[in-house]
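After the sequence you'll find the predicted model.
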Amino acid sequence: MEENYLLSVTGKQYANGESDKVSLKTPASYVMKNGSRYITYKEYDVHNPERHYRTTIKVSPDNIVTVMKGGTETHNLVLEKGVRHKCEYITGFGSIFLNVYTEKADISLDDNGGSLKVRYSIDINSELASTNELIIDIEEDKKCQQQPKQ
């Protein structure tokens, strides 16, 4: 995996009258396969920085965003505007089934990068657990472009 792009990810979560925000800037791979765009990057365990897992964001030609996380906690979160998807979230304590409804999906990606912003809600057993925003910007890493090819 050639990480020649720079990825900025911001996740916002609103639950029980409180909000939380997580931001990350990291090298990433950005490729197109079979009409879909794939952004792949490593996330590190907050409690054990030596452990990491791979996250892949797939954006299909019909603007369905799938967030696939591997590692000890795995899930495939399917985000499709106006559609409710049932997603399995596997933790060290077992599986949880979530219903995910995507309210908004603004996607502007091309061969050079771009951005996407998705707003979705998660409910468990028909009760709202949280409202979330995923904001992603990806661009070519200028430092990689300046490196002489060998």
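Yes, it's here.

count of residues packed around Ile135?
By other CB atoms under 10 Å, 17 other residues sit near Ile135. The way it works is simple: take the backbone N, C-alpha and C, and place the C-beta from them, glycine included.

Return the residues in contact with it.
The contact partners of Ile135, by CB atoms under 8 Å, 6 or more residues apart in numbering, come to Ser8, Val9, Thr10, Gly11, Lys12, Ser115, Leu116, Lys117.

Same question for His85.
Val78, Leu79, Asn99, Val100, Tyr101.

Check which residues of the host helix or strand of Glu133 are buried.
Using DSSP states H and E, Glu133 maps to strand 127-140. For strand 127-140, the neighbour count (16 or more other CB atoms under 10 Å) marks Ala129, Ser130, Thr131, Asn132, Glu133, Leu134, Ile135, Ile136, Asp137, Ile138 as buried.

That strand - what's its average pLDDT?
In this model, strand 127-140 has a mean pLDDT of 94.

Name every strand pairing with it and say which way it goes.
strand 5-15 (antiparallel), strand 113-124 (antiparallel) (DSSP bridges).
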